[in-house]
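> Structure for the following, please:
(one chain, ligands or ions: 1)
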Amino acid sequence: TTRKFAFATKSKSVATMAANQEFTGNLKRQLEKLFDVSVKATAPDVPGVKPLIDIGKFGDYQCNNAMGIWAKIKGKGTQFKSPLAVGQALMTSVPASEMVESCSVAGPGFVNVVLSAKWMAKSIENMLIDGIDTWAPAPPVKRAVVDFSSPNIAKEMHVGHLRSTIIGDTIARMLEFSKVEVLRRNHVGDWGTQFGMLIEYLFEKFPDTDSVTETAIGDLQAFYKESKSKFDSDPVFKEKAQQAVVRLQGGDPIYRKAWAKICEISRTEFAMVYKRLRVELEEKGESFYNPYIPSVIEELNSKGLVEESEGARVIFLEGFNIPLMVVKSDGGFNYASTDLTALWYRLNEEKAEWIIYVTDVGQQQHFNMFFKAARKAGWLPESDKTYPRVDHVGFGLVVGEDKKRFRTRSTDVVRLVDLLDEAKTRSKTALIERGKDKEWTPEKLDQTAEAVGYGAVKYADLKNNRTTNYQFSFDEMLNDKGDTAVYLLYAHARISSIITKSGKDIDELKKTGKLALDHEGERALALHLLRFAETVEEACTTLLPSVLCAYLYELSNRYTTFYSNCQVIGSPEETSRLLLCEATAIVMRKCFHLLGITPVYKI
Ligand code: ARG
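As a prediction, the model looks like this:
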């Protein structure tokens, strides 16, 4: 059976739109609201049934509640004879709504929902006027911390940190789009015993530390390696390095100054990578939390959490076979003491309601442990989905074509700068092959090569489910066909040029033009556009940027289908179709923005 909705058929009779009929940016939620009414009416005796809405196989969406309700009422004197009958009742009691064209019941009681094309068109027209920010999701938090990138001073900024930077930036961008205030935190490893040997080595090589510049040191990683091998081979040096740690931690001004110098050199190196990637971060490194550690440990101690074990102080946690060490046997603090303190600071001083940590999955146990300790201390609610909330966003290794940990030819770690250079050079070569060097100024060529090259590196990373290892391949990511940034950026450029070619003033059209979705290709594209907000919301709640990438790729495919079936320029539907092109370009650009990719307008 099918039920046509009066509103949709006799559209003239609709004077006003009820609150749940105006598109608020999230189709799925709006349908949930409608079906909430019908679920309650159908199963008044079964409390707490939530409407289950999914993208549909037959309709645009489907409501999947019939089977669940049936399971609960079967054999309890119900008037219904089958799940199908429950589905029918669900359909009948959906309040009439302008957004729904018709419903039908199929199989064991699925209610298929067909949205009204008129309503869909109106919603997109509204977005074209009011802007895409009206489609932003609204998560239940005001302020969040995203702790990402977080390389270690002098040690190495490897591809793992690149992944953290790219994934963290996207998560921050999605939350920012959702009007959450995001504190983008670079928790750099700027403290620890390695500084003893680094400082001693610095003193040896450059007696006048003040004049030391980045170029004098050259590569800080190499510097680290040299000092490490000296530390391992020279007992006198080792002894000195160990004393240096004590002096540094005791606050000796000369040692502090040398420490600051090393950090500064590292910082300049990191900044270069961030600038290229257009990623903004505020550094609050491990050392920032030092002054707060003793009182935080004391608080945990006073709550009875801290115990003595083999000279160290630890927290025993249920479900873990090792305790969490918070004070080392020499009285020093470690990674966990700092992280507990940083969490305390973020909750109490920065008043963050959601704290998200982006590191490789290898650190999962560390996070699980100190999260658990924080719950035990009563800093966080027991349930991990309740706010204030913490999440560890773990990602897999970057592997090379040989499926082993990614390395370049010469060195054992990949320098990020070299990697970005190569991405840019390769995409520039591809542009020159297309003759762009003759059409464009050198600046434009350079900018486009950067947008495409860096975009390709980012997208190749983000499109994978982050928890799996990911195989780094320039050839694959720079392919202009398939699921790559290159393909998507070119698709966007083509849409832009169609709009330009039409010679129409698109901003004027947006204000007055009407959208019609009569062709199947138009409708399928429009429906996908309207799913943008629920996709961003899903990507935020699952903390999976890949969800957004899959959406973007599908958008571009639906656009292709539309474009190959529907003539735009010169057709009777030109205005409507140009508006659909523009809406697609707007949503694509927003996706690029959220993924940290710079759009290209001409190719
Ligand atoms: N510096 C660490 C590393 O390179 C990552 C820090 C992540 N953030 C944190 N709060 N533990 O592995």
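> Break down the stretch 401-550 of the chain into its helices, ranges please.
416-433, 436-439, 442-462, 474-477, 485-502, 506-512, 520-530, 532-542, 545-565 (DSSP state H, counting those that start in this stretch).
> buried ones in the third one?
By that I understand helix 442-462. For helix 442-462, the neighbour count (16 or more other CB atoms under 10 Å) marks 445, 448-462 as buried. Backbone N, C-alpha and C define where each C-beta goes, glycine included.
> Same check on the fourth one?
Neighbour counts using 16+ other CB under 10 Å place 474, 477 of helix 474-477 among the buried residues.
> model confidence over it, on average?
Computed over helix 474-477, the mean pLDDT rounds to 93.
> Which elements pack onto that helix?
Secondary-structure packing of helix 474-477 (3 or more CB pairs under 8 Å, 6 or more residues apart in numbering; DSSP states H and E): helix 416-433, helix 442-462.
> ok, now the last one?
Identification of packing neighbours for helix 545-565 by 3+ CB pairs under 8 Å, 6+ apart yields helix 159-177, helix 442-462, helix 485-502, helix 520-530, helix 532-542, helix 574-594.
> Next: the fifth one.
Taking 3+ CB pairs under 8 Å, 6+ apart as contact, the helices and strands that helix 485-502 lies on are helix 442-462, helix 545-565, helix 574-594.
> Can you name the residue of the stretch 501-603 of the chain nearest to the ligand?
Nearest to the ligand, among the residues of the stretch 501-603 of the chain, is residue 543, at 15.2 Å (CB to the nearest ligand atom).
> neighbours around that residue, how many?
When neighbours are counted by other CB atoms under 10 Å, residue 543 registers 19.
> Can you say which helix or strand has the nearest residue to residue 515 once chain neighbours are set aside in it?
Spatial nearest neighbour of residue 515, chain neighbours left out: residue 121 (4.1 Å); criterion: CB to CB, 6 or more residues apart in numbering. Assigned by DSSP states H and E, residue 121 belongs to helix 117-130.
> Ok, residue 326 next?
Secondary structure (DSSP H and E) places residue 326 in strand 324-327.
> what's the average pLDDT for that strand?
97.
> next one: it to chain centre, how far?
31 Å (CA atoms, centre = their mean, to the nearest Å).
> Likewise for stretch 179-190?
14 Å.
> repeat for stretch 567-581
Distance of stretch 567-581 from the chain centroid (CA atoms, centre = their mean) equals 34 Å.
> What is the burial count for residue 257?
Neighbour count of residue 257, defined by other CB under 10 Å: 12.
> Need the pLDDT of it.
Looking at residue 257, its pLDDT reads 92.
> What sits closest to whichever residue of the stretch 201-350 of the chain sits closest to the ligand if chain neighbours are left out?
Residue nearest to the ligand within the stretch 201-350 of the chain: residue 339 (5.0 Å; CB to the nearest ligand atom). Excluding its sequence neighbours, the residue lying closest to residue 339 (CB to CB, 6+ apart) is residue 370, at 5.2 Å.
> host element of residue 255?
Counting by DSSP H and E, residue 255 is found in helix 253-277.
> Just after that helix, pick out the following helix or strand.
Using DSSP H and E, the first helix or strand after helix 253-277 is strand 282-283.
> Sheet partners, orientation included, of that next one?
If you go by DSSP bridges, strand 282-283 pairs up with strand 181-186 (parallel).
> which residues touch the strand it pairs with?
Applying CB atoms under 8 Å, 6 or more residues apart in numbering, the external contacts of strand 181-186 come out as 142-150, 168-169, 172, 175-176, 270, 280-285, 346, 350, 352.
> circling back: what's the residue nearest to residue 339 in contact with, if anything?
Here residue 370 is in contact with 324, 336, 339-340, 343 (CB under 8 Å, 6+ apart).
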